[in-house]
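> return a 3D structure for these sequence lines:
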Amino acid sequence: MPHATATFNGKVIAEADEWEYVEGNFPPSSVDKSVLSKATLTTDCPWKGTASYYNVTVDGKEAKDAAWYYPDPITNKAAPIKDHVAFYKTKVEIQSE
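Predicted coordinates for the structure are as follows:
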């Protein structure tokens, strides 16, 4: 798996050498949680379960509902992305090498 970074407002907010390709999900340990705040949005996926969302804020600039994760995946196929964070590519720049 290639090296990947997520950048918002000029700051790298996640960086990993191993990540789950399902949605470009970053392992929880690779994400700067200081830039995340719980959002109220949730969505449902028939094979992954309920996604919870984060707002991303860096230096006063906020991207609402810009990241999501699955705290309780409902299928074995989705189990590898438990608590991994994915970012909307229209709100957060994702690069992989």
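> confidence-wise, which helix or strand of the chain is lowest on average?
Using mean pLDDT, DSSP states H and E, the weakest-scoring helix or strand in the chain turns out to be strand 93-96, at a mean of 85.
> leaving aside the residues adjacent along the chain, what's closest to Asp17?
Closest residue to Asp17 apart from its sequence neighbours, by CB to CB, 6 or more residues apart in numbering: His3 at 5.3 Å. Quick note: C-beta positions are derived from backbone N, CA and C, even for glycine.
> the one you found and Ile94 touch, don't they?
No: counting by CB atoms under 8 Å, His3 does not reach Ile94; the two are 11.7 Å apart.
> neighbour count: the two, which is higher?
Using other CB atoms under 10 Å, the more surrounded residue of His3 and Ile94 is Ile94, with 15 against 12.
> isn't the more buried one right up against Ala6?
Yes: counting by CB under 8 Å, Ile94 does reach Ala6; the two are 5.4 Å apart.
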